[in-house]
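Chemist: Mind folding the following:
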Amino acid sequence: MAELIVTRQGPVATIAFSNLKKFNAVTLDMWEAFPKHMQTLDADPSVRVIVVTGDGDKAFISGADISQFESARASEEAQARYNIAVENGYQAPVLCKKPVIAKIRGICMGGGLGLAAACDVRIASEGSVFRMPAGRMGLGYNFVGMKRFVDVIGPMNAADIFFTARKFDSADALRMGFITRIVSLTNFDAEIDAYCALVAENAPLTLAAAKRAIREVNTDPAERDLKTLSGMIAACFASADYKEGRTAFMEKRTPQFKGH
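Modeler: Numbers count the residues shown, from 1 in each chain. Below you'll find the model as predicted:
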């Protein structure tokens, strides 16, 4: 069954793409459901970090479910609906105010590569395999999607993976800057849990402001919303968490942030 599985472990929420028989290939329904889950978790103050991953140990996401191409992408209207669903899916991690971590194990290709690129941080297990196969399928990649790759890995690396449609490994992904680290399969779950716990300990308002600032840096200067960013920064300094952070630092203890 193709579905999204949402789980919670304390302040960390996980959305897993599950379509095991097809290496977690994404259906139209899954693309359309993903932003809704992201929005629900973003609105929950008890959630501090969101992890996006694939079900099982074979794949993050292998791409789109090709079996749906004839039905979901055959006509202009169907293609338009599909394109909107995919772009909304890619935008969901970007628009989310909370840190979104891509936990990549195994196959990460096509739509999976695009979704991972939209997350804030990408961590992969050793042995993971990446690919952008658009050139082998005759697909056109839109400006927003291509800019996302260029922002993450630079124009030359983006040209490389699109022009060749080649497979590349975790070491190559690390060299490009697509992932931040490679973790052994043996310790993968524990390392991700530890990383998310580290993030979850920090002040939510500060993380939201930092994420927004990073987003504005990668936005065309003419379209930047620095007023909103300034308001988010001001909210940090006006918060009880700012007082708690200063007090905890002086008392040499771990701060207990509340997000306000």
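Chemist: Can you spell out which helices and strands pack onto the biggest helix by length in the chain?
Modeler: The longest helix of the chain (DSSP state H) is helix 143-164. When contacts are defined as 3 or more C-beta pairs under 8 Å, 6 or more residues apart in numbering; DSSP states H and E, helix 143-164 sits against helix 76-95, helix 111-118, helix 134-137, helix 170-176. Any C-beta I mention is one placed from the backbone N, CA and C, and that applies to glycine too.
Chemist: quick one, which of these is nearest to A13?
Modeler: Taking C-beta to C-beta as the measure, the helices and strands packed on helix 143-164 were each checked against A13, and helix 76-95 came out nearest at 12.6 Å.
Chemist: contact partners of the closest one?
Modeler: By C-beta atoms under 8 Å, 6 or more residues apart in numbering, the list of residues contacting helix 76-95 from outside reads 26, 28, 31-32, 34-35, 38-39, 50, 52, 64, 71-73, 100, 111, 114-115, 117-120, 142, 144-145, 148, 215.
Chemist: likewise stretch 149-163?
Modeler: For stretch 149-163, the surrounding residues in contact (C-beta under 8 Å, 6+ apart) are 114, 117, 130-132, 134-135, 141, 146, 166, 168, 176-178, 218.
Chemist: Just flag the most distant two among these.
Modeler: Between all members of the contacts of stretch 149-163, the longest pairwise span (C-beta to C-beta) is found for R166 and N218 and amounts to 26.2 Å.
Chemist: on that earlier part again, L207 is nearest to which of the helices and strands packed on helix 143-164?
Modeler: Ranking the helices and strands packed on helix 143-164 by distance to L207, with C-beta to C-beta as the measure, places helix 76-95 first at 13.9 Å.
Chemist: could you measure A85 against D29, distance?
Modeler: Summarising the geometry, the distance separating A85 from D29, computed by C-beta to C-beta, to the nearest Å, is 9 Å.
Chemist: The two: who's more crowded?
Modeler: Neighbour comparison, A85 and D29: the larger count goes to A85, with 21 against 15 (by other C-beta atoms under 10 Å).
Chemist: that older thread, which one (most neighbours) among the contacts of stretch 149-163?
Modeler: Note: the member of these with the most neighbours is M132, at 27 neighbours, neighbours being other C-beta under 10 Å.
Chemist: quick one: which of the contacts of stretch 149-163 is nearest to P11?
Modeler: A117 (24.9 Å).
Chemist: That concludes my questions; thank you for your assistance.
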